[in-house]
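>>> Structure, please.
(one chain, ligands or ions: 1)
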Amino acid sequence: MHEEIRIIKSFARRSTLKESDKELLDKYVVNNSKEWMEKTIFQKRVWLDIGFGSGENTAAQAIGNQDIIIIGCEPYLKGISSLLKKIEQNNIKNILIWPDDVKKIIINIADCILEKVFILFPDPWQKRAHNKRRLINAEFLKLLAKKMISKGEVIISTDYPEYAKWMQKEIEKSSAFTYTKINENEVENYAETKYHKKAIKEQVIFFKLIYDCQI
Ligand SMILES: C[S@@+](CC[C@H](N)C(=O)[O-])C[C@H]1O[C@@H](n2cnc3c(N)ncnc32)[C@H](O)[C@@H]1O
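Here you go, the predicted structure:
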């Protein structure tokens, strides 16, 4: 059956990539076709970092887990440049970059393939009129669940208490995951991200969601 997801833009591009970064990106970009992914990555353990920002966590996870492939999704071009720099400096071989909206690639990712997903400090879209732009909602979580292996994990963080409450409601509404609140030090190989460093520390919340096909 044809899968569809509403694409409400939750980011804005403000710059362009330098020529040298464009060439580098060609080396690491993921080809958004089912056939290419089937041949190239779906035999491996696949992780996803959605909205990687400057790529601190993506790089740390790739270095700490050499036997996985991590696909980093991020439309913010300066962030892509930062991750490319980390990849080259650390000679990282297991990162692929999707330089656009996660919703455009997730539909082409095979079902039951994702082992771990990070969504760290997603944009909170605080004004009520903008809430619909929030990435975490029941519709997106249901789609994500279809792509997860049984017992696969999604790690989500925020420092906005109101968004945290919203997340809890949407996780419960989607009824695809069980979830617990965890501490940052329970996230293996986690590297504090740029937004974590800027966050209101006492308010930072991490959720660990587990997908269980039996639910
Ligand atoms: C608040 S920043 C957090 C960045 C990083 N995770 C961190 O903790 O520093 C949210 C990021 O999500 C990205 N983003 C927003 N909507 C997205 C989408 N639909 N697909 C992929 N990335 C998205 C934005 O470009 C932005 O860089």
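>>> Please make it C-alpha for all contacts and neighbour counts, starting now.
Fine.
>>> Contact residues of the chain facing the ligand?
10-11, 50-53, 73-76, 101-102, 120-123, 193-196 (Cα under 6 Å from any ligand atom).
>>> Can you say which of the residues you listed are buried?
Under a neighbour-count criterion of 16 or more other Cα atoms under 10 Å, the subset of the residues of the chain next to the ligand counted as buried comprises 50-53, 73-76, 101-102, 120-123, 193, 195-196.
>>> neighbours of Gln43, just the number please.
When neighbours are counted by other Cα atoms under 10 Å, Gln43 registers 10.
>>> How about Lys198?
Neighbouring residues of Lys198 were enumerated by other Cα under 10 Å; the total is 9.
>>> now Gly152
One way to gauge burial is a neighbour count; for Gly152, by other Cα under 10 Å, it gives 21.
>>> per-residue confidence at it?
Reported pLDDT at Gly152 in the predicted model: 97.
>>> Report the mean per-residue pLDDT for stretch 50-64.
Predicted confidence along stretch 50-64 averages 98 (mean pLDDT).
>>> Any idea what the most centrally placed residue in the chain is bridged to?
In the chain, the centroid-proximal residue (Cα atoms, centre = their mean) is Ile50; its distance is 1.8 Å. Here Ile50 sits in beta bridges with Cys73, as judged by DSSP bridges.
>>> Sketch out the helices for this structure, chain order is fine.
19-28, 34-40, 56-64, 77-89, 102-106, 138-147, 161-174, 194-198 (DSSP state H).
>>> Give me the buried positions along the second one.
The reference is to helix 34-40. Taking 16+ other Cα under 10 Å as the basis for neighbour counts, the residues of helix 34-40 that come out buried are Met37.
>>> Please apply the same query to the longest one.
Using 16+ other Cα under 10 Å as the test for burial, helix 161-174 gives Tyr163, Ala164, Trp166, Met167, Gln168, Glu170, Ile171, Ser174.
>>> what's the second one in contact with, if anything?
Translated: Ala164. For Ala164, the contact set (Cα atoms under 8 Å, 6 or more residues apart in numbering) comprises Thr158, Ile205.
>>> if you set the cut-off to 6 Å instead, what comes out?
If a contact means Cα atoms under 6 Å, 6 or more residues apart in numbering, then Ala164 has no contacts.
>>> Tell me the spacing between it and Phe206.
When distance is defined by Cα to Cα, to the nearest Å, Ala164 is 9 Å away from Phe206.
>>> now Lys27
Noted for Lys27: a distance of 33 Å to Phe206, by Cα to Cα.
>>> Show me which residues of stretch 44-63 are buried.
Of the residues in stretch 44-63, those buried under the neighbour-count criterion (16+ other Cα under 10 Å) are 46-63.
>>> Same check on stretch 80-87?
Counting neighbours by 16+ other Cα under 10 Å, stretch 80-87 gives Ile80, Ser81, Leu83, Leu84, Lys85, Lys86, Ile87 as buried.
>>> nearest spatial neighbour of the third one, skipping sequence neighbours?
Going back to what we said before, that points to Leu83. What sits nearest to Leu83 in space, not counting adjacent residues and going by Cα to Cα, 6 or more residues apart in numbering, is Gly55, at 4.9 Å.
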